[in-house]
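>>> Requesting a structural model of the entry that follows:
(chains A and B)
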2 protein chains.
Amino acid sequence: MGQRDPGRLVGCELCMQDGGLLVHRGVKLRVIRATEPEHPAFYRVVWNDHVAEWTDLPPADRSHLMQAVAKVETVLREHLQPTKVNLASLGNVVPHLHWHVIARFDWDGRWPAPVWAPLRESVPDAEARLAVPLSALDRLVAEAVRELDLATSL
Amino acid sequence: MGQRDPGRLVGCELCMQDGGLLVHRGVKLRVIRATEPEHPAFYRVVWNDHVAEWTDLPPADRSHLMQAVAKVETVLREHLQPTKVNLASLGNVVPHLHWHVIARFDWDGRWPAPVWAPLRESVPDAEARLAVPLSALDRLVAEAVRELDLATSL
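Below you'll find the model as predicted:
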């Protein structure tokens, strides 16, 4: 984001920083991977401009954002076969529009509770249990979302 | 749902029951209100047929579902002015596609944590603090989603 980007709010964590490991940056949105050892396949689709609520976006942008979320979900499903995918847009602490896309497994340390619940038990080898290394998964996620950007001329 | 509905899975809670107070029933989806005293303005948009993941739906149905979610979010924002809206599709416990649409307030008993976090403090008059009675809110939500159904000829 340029320093004079009018969509940037000084003091907002997701305006000032990527918000995790940057996987893909497009014109309108970016994808980062959260580095949560207990939930290694945990991505966030972040709207670049500062808006708080999903319905702050015009319908076409809402749809574009959700198509990116669907791309990430599809990659996680195809390559990890998770027990369930969890999607959420909360933003109570950082009210800058972002969608969590999380592959959940029946062996993970909070299953079946949401990832925001207290840890039930630590699973130290969570990352190693994934069917695909995280670096490869990041590339697959990036390719899928980049294709969407190209298809929508962004 | 008819008893011979092929989209119904015996034993699934959201196939066998509405899943809360029924606010609107359409051909493809319904809206229910969860009865959570600490989070009174807590709706769920439930896909009628049994599918587990959002991306199990074809893109047109995904979009229709998200438009219904947007309608509910818009009603909550316009009539309650919540501090934040929380959206989520988890389904770890009941893997039948449903979206939570929750008006959150900085005075609610779990703020700023997600509603799945432990209760910080009970707010016994949470419902009375809403700017609109729940019965009126239910009608507004139902009208908004019904309009969408009519617009999409469902």
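
>>> Number of residues surrounding A:R77?
16 (other C-beta atoms under 10 Å in any protein chain shown). Any C-beta I mention is one placed from the backbone N, CA and C, and that applies to glycine too.

>>> How about A:D18?
15.

>>> what's the closest non-adjacent residue to it?
Spatial nearest neighbour of A:D18, excluding adjacent residues (C-beta to C-beta, 6 or more residues apart in numbering or on different chains): A:I32 at 5.4 Å.

>>> Tell me the bridge partners for the one you found.
On the basis of DSSP bridges, A:I32 is bridged to A:L22, A:R44.

>>> Surely it touches A:L14?
No. If you go by C-beta atoms under 8 Å, A:I32 and A:L14 don't touch, sitting 9.2 Å apart.

>>> low-scoring pLDDT stretches of chain A, where are they?
A:1-6, A:153-154 (pLDDT under 70).

>>> Nearest the geometric middle of it, what residue?
Closest residue to the average C-alpha location of chain A: A:R44 at 1.4 Å, with C-alpha atoms, centre = their mean.

>>> Next up, the contacts around that residue.
A:R44 sits next to A:19-20, A:31-34, A:98-101 when contact means C-beta atoms under 8 Å, 6 or more residues apart in numbering or on different chains.

>>> Which of those residues has the largest number of neighbours?
A:V31 (28 neighbours).

>>> Surely that one is in contact with A:L140?
No. With contact defined as C-beta under 8 Å, A:V31 does not count as touching A:L140 (11.2 Å).

>>> where along chain A do the strands fall?
A:21-25, A:29-33, A:42-47, A:84-89, A:98-104 (DSSP state E).

>>> Among those strands, single out whichever gets nearest to B:E78.
Proximity to B:E78 (C-beta to C-beta) singles out strand A:84-89 among these, at 18.4 Å.

>>> Mind giving me the packing neighbours of the closest one?
In terms of contacts (3 or more C-beta pairs under 8 Å, 6 or more residues apart in numbering or on different chains; DSSP states H and E), strand A:84-89 is packed against helix A:59-80, strand A:98-104, strand B:84-89.

>>> Does the second one reach chain B?
Yep, that's strand A:98-104 we're talking about. Yes. Legend: contact between strand A:98-104 and chain B by C-beta under 8 Å from any C-beta of the partner chain is shown at A:R104.

>>> Show me how far that strand is from its chain's centre.
5 Å (C-alpha atoms, centre = their mean, to the nearest Å).

>>> could you dump that strand to PDB, C-alpha only?
Output in PDB follows, covering the C-alpha atoms of strand A:98-104 (Å, rounded to 0.1, in the frame of the first residue of the first chain):
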ATOM      1  CA  HIS A  98     -10.900  -9.700   6.700                       C
ATOM      2  CA  TRP A  99     -12.200 -13.200   6.300                       C
ATOM      3  CA  HIS A 100     -10.700 -16.100   8.200                       C
ATOM      4  CA  VAL A 101     -10.500 -19.300   6.100                       C
ATOM      5  CA  ILE A 102      -9.300 -22.200   8.300                       C
ATOM      6  CA  ALA A 103      -8.900 -25.900   7.600                       C
ATOM      7  CA  ARG A 104     -10.100 -27.800  10.700                       C
END
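
>>> residues of stretch A:121-141 that come out buried?
By neighbour count with 16 or more other C-beta atoms under 10 Å in any protein chain shown, stretch A:121-141 contains the buried residues A:123, A:126, A:130, A:132, A:137-138, A:140-141.
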